[in-house]
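>>> What shape does this take:
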Amino acid sequence: MVTTARPALPDASAVAPDAPLSVQVPPLVRRLSSRCNPALVWLEQRTDRWARRHLRPMFPDDAALDRFLDHRYALYTALSYSRAEPERLADICDWELTWFALDDLCAEGDPRRHVGGFPDLYAMLAAAAHGADRGSLPPYGTVLAEVGDRLRSRMTPGQWRRFLACVDFTIDGFRREDEARARGERLGYEEYLEIRYACSGMHWVFLMCEYGLGIDLTEQFALHPELGTLVDIALEQTCFANDVVAYRKEVLLHDDPMNVVAAVRADTGCDLQTAIGTAARLAQRREDEFIRCRDGILVGEAGADPAVRAFLDEMSHFVSGVLLWQYMSSRYLGAGHVWTGLTHGRFVLHRDRTVVLGPTAETEAALEEAARLPVPAFRPGRPTPFREANAR
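This is a model prediction of the structure:
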């Protein structure tokens, strides 16, 4: 997919004119089903109270916090961890909510406000995750550390070690992402995937499948490398699918190069519809590869363990649940978005919102064309915090 010559893409103002763009988006998950945690209503009420008490200092005013909470992060957690125990579900939600807030603070504000006395944001995040003295942390770091303490109290030592390895891996990915942005380069597919895998994958979201169920698979991950492969496939699938849904917000609005649609265009110079189709085929292929890997584990030695089987079931619903939330939330589709049940078809990209319309004859033609697009298979063996932590 990578070529030596990469045509420059027009800047965001040129590709997001006042006249909206229209693209056809194929289904990004076709075979895996979603499932919602029955504690959703309780979690939404509890999360709203927790966020207003703990996250308000990070936002400029109440209205900004209200806009952030309109994205329904409790729904994200309930769809992603459908069998998690309620208390553990709340822990997961607080942790994820805090990182979503950081993402918005960095994208829309000045992250230096949240560094405190540390040399940079990365150092502050690492210190907070590793349990630094509360007096040395700025307000954001204090919240992150307090949620981390709660997680640590319920994790086994091996699970906590793996969790910290995931956090450190992600923070290092943030550094590499910022370095790539500073160079001002248009990333091709291979460069994009290497950085996105680290900075946006956040491997801990898959470890949280264990945590929510109250199980610890540290030993099983050490004995059965195919479990780590399954996590890596799921990570790529969720990144590719998110990049399609978030294209307007991240690329057209913020000219963000960390998006597979933009990477495909940088590599090939193709039009937007072809790039969307290629990204969708990547997501579909990873879904198929995930199912094959999962089913292979189920009939193998690891699959005889009830805890592994519970993890595989939760992971399957995680992959589809994350995507469903992206369609149900206004985070990527714009303020005022109301989900109508559609998950593919004609997408109309305005500056401030994405309108998802139903499939048309054009959609069917686009689906047929996308199905013929060649996309690379998953390549195992990339460094992963799951393997690195278990190797020590």
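
>>> quick one: pLDDT of Pro139?
You'll see Pro139 listed with a pLDDT of 88.

>>> Now it. Nearest residue, chain neighbours left out?
In space, not counting the residues next to it along the chain, Pro139 is nearest to Pro57; the distance is 4.7 Å by Cβ to Cβ, 6 or more residues apart in numbering. C-beta here means a position set from N, CA and C on the backbone, and glycine is covered the same way.

>>> so that neighbour makes contact with Thr142?
No: taking Cβ atoms under 8 Å as the definition, Pro57 is not a contact partner of Thr142, at 9.6 Å.

>>> which of these two has more neighbours?
Counted by other Cβ atoms under 10 Å, Pro57 and Thr142 do not tie: Thr142 has more neighbours, with 18 against 12.

>>> Which residues are in contact with the nearest residue to Arg353 once chain neighbours are set aside?
Using Cβ to Cβ, 6+ apart and skipping the chain neighbours, the partner closest in space to Arg353 is Gly334 (2.8 Å). Contact partners of Gly334, counting by Cβ atoms under 8 Å, 6 or more residues apart in numbering, are 248-249, 350, 352-354.

>>> what's the pLDDT at Gly334?
So Gly334 comes in at 95 (pLDDT).

>>> Ala266 - how many residues pack around it?
Neighbour tally, Ala266, other Cβ under 10 Å: 25.

>>> and if you look at Gln45?
Neighbour tally, Gln45, other Cβ under 10 Å: 11.

>>> That one is in what secondary structure piece?
helix 40-54 (DSSP states H and E).

>>> again with Leu97
Here Leu97 sits within helix 86-108, counting by DSSP H and E.

>>> List the buried residues of whichever helix or strand comes after that helix.
Later in the chain than helix 86-108, the nearest helix or strand by DSSP H and E is helix 121-129. With burial defined by 16 or more other Cβ atoms under 10 Å, the residues of helix 121-129 counted as buried are 121, 124-129.

>>> and what of stretch 84-100?
Buried residues in stretch 84-100 (16+ other Cβ under 10 Å): 84-85, 88-100.

>>> Looking at those residues, spot the one nearest Glu364.
Glu364 lies nearest to Phe100 out of these, by Cβ to Cβ, at 35.4 Å.

>>> can you pull the pLDDT of that closest one?
Phe100 carries a pLDDT value of 94.

>>> And the closest residue to it other than its chain neighbours, how far from Glu287?
In space, and not counting its chain neighbours, Phe100 is closest to Tyr73: 5.9 Å by Cβ to Cβ, 6+ apart. Separation of Tyr73 from Glu287 (Cβ to Cβ, to the nearest Å): 24 Å.

>>> can you pull the contacts of Leu144?
98, 125, 128-129.

>>> swap in Ser80?
Per Cβ under 8 Å, 6+ apart, neighbours of Ser80: 205, 208, 317-318, 321-322, 325.

>>> Low-confidence stretches in the stretch 251-392 of the chain?
Residues of the stretch 251-392 of the chain meeting the criterion pLDDT under 70: 386-392.

>>> Please enumerate the strands of it.
Ranges of strands within the stretch 251-392 of the chain are 345-349, 354-356, based on DSSP state E, counting those that start in this stretch.

>>> So which residues make contact with the first one?
Outside of strand 345-349, the residues that reach it under the criterion Cβ under 8 Å, 6+ apart are 16, 20-25, 247-248, 252, 354-360, 362-363.

>>> ditto for stretch 316-326
Taking Cβ under 8 Å, 6+ apart as the rule, stretch 316-326 contacts 28-29, 32-36, 72, 75-76, 79-82, 205-206, 209, 234, 237-238, 241-242, 245-246, 287, 290, 294, 332-333, 343.

>>> Would you mind checking the residues you listed for buried ones?
The neighbour count (16+ other Cβ under 10 Å) marks 28-29, 32, 34-35, 72, 75-76, 79-82, 205-206, 209, 234, 237-238, 241-242, 245-246, 287, 290, 294, 332-333, 343 as buried among these.

>>> Can you list which of the residues you listed are found in helices?
If you go by DSSP state H, the buried ones among the contacts of stretch 316-326 have 75-76, 79-80, 205-206, 209, 234, 237-238, 241-242, 245, 287, 290, 294 in helices.

>>> Show me which of those residues is closest to Thr384.
Phe206 (10.2 Å).

>>> Could you pull up the contacting residues of that closest one?
231, 234-235, 315, 318.

>>> Could you do Met202 as well?
By Cβ under 8 Å, 6+ apart, the contact set of Met202 is 99, 166, 170.

>>> That one belongs to a helix, doesn't it?
No: checked against DSSP: H, G, I helix; E, B strand; the rest coil, Met202 lies outside a helix; its state is coil.

>>> Could you check the pLDDT of it?
Looking at Met202, the pLDDT reads 83.

>>> same thing with the one 3 residues further on?
Per-residue confidence for Val205 comes out at a pLDDT of 96.

>>> quick one on the thing from earlier: helix 40-54 and the helix holding Leu97, what's the angle between them?
On the basis of axes from the mean of the first three to the mean of the last three Cα atoms, to 10 degrees, helix 86-108 is oriented at 50 degrees to helix 40-54.

>>> Restrict helix 86-108 to CA atoms and write it as PDB.
Below are the C-alpha coordinates for helix 86-108, written out as PDB (Å, rounded to 0.1, in the frame of the first residue of the first chain):
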ATOM      1  CA  PRO A  86     -21.200  -2.800  38.700                       C
ATOM      2  CA  GLU A  87     -18.400  -1.500  41.000                       C
ATOM      3  CA  ARG A  88     -15.700  -2.500  38.600                       C
ATOM      4  CA  LEU A  89     -17.700  -1.100  35.700                       C
ATOM      5  CA  ALA A  90     -17.700   2.300  37.600                       C
ATOM      6  CA  ASP A  91     -13.900   2.100  38.000                       C
ATOM      7  CA  ILE A  92     -13.500   1.400  34.300                       C
ATOM      8  CA  CYS A  93     -15.800   4.300  33.400                       C
ATOM      9  CA  ASP A  94     -14.000   6.800  35.700                       C
ATOM     10  CA  TRP A  95     -10.600   5.800  34.200                       C
ATOM     11  CA  GLU A  96     -11.700   6.000  30.600                       C
ATOM     12  CA  LEU A  97     -13.700   9.200  31.200                       C
ATOM     13  CA  THR A  98     -10.500  10.800  32.600                       C
ATOM     14  CA  TRP A  99      -8.500   9.900  29.500                       C
ATOM     15  CA  PHE A 100     -11.300  11.100  27.100                       C
ATOM     16  CA  ALA A 101     -11.200  14.400  29.000                       C
ATOM     17  CA  LEU A 102      -7.400  14.600  28.500                       C
ATOM     18  CA  ASP A 103      -7.800  14.000  24.800                       C
ATOM     19  CA  ASP A 104     -10.200  16.900  24.500                       C
ATOM     20  CA  LEU A 105      -8.100  19.200  26.700                       C
ATOM     21  CA  CYS A 106      -5.100  18.600  24.500                       C
ATOM     22  CA  ALA A 107      -7.000  19.000  21.300                       C
ATOM     23  CA  GLU A 108      -9.000  22.100  22.200                       C
END
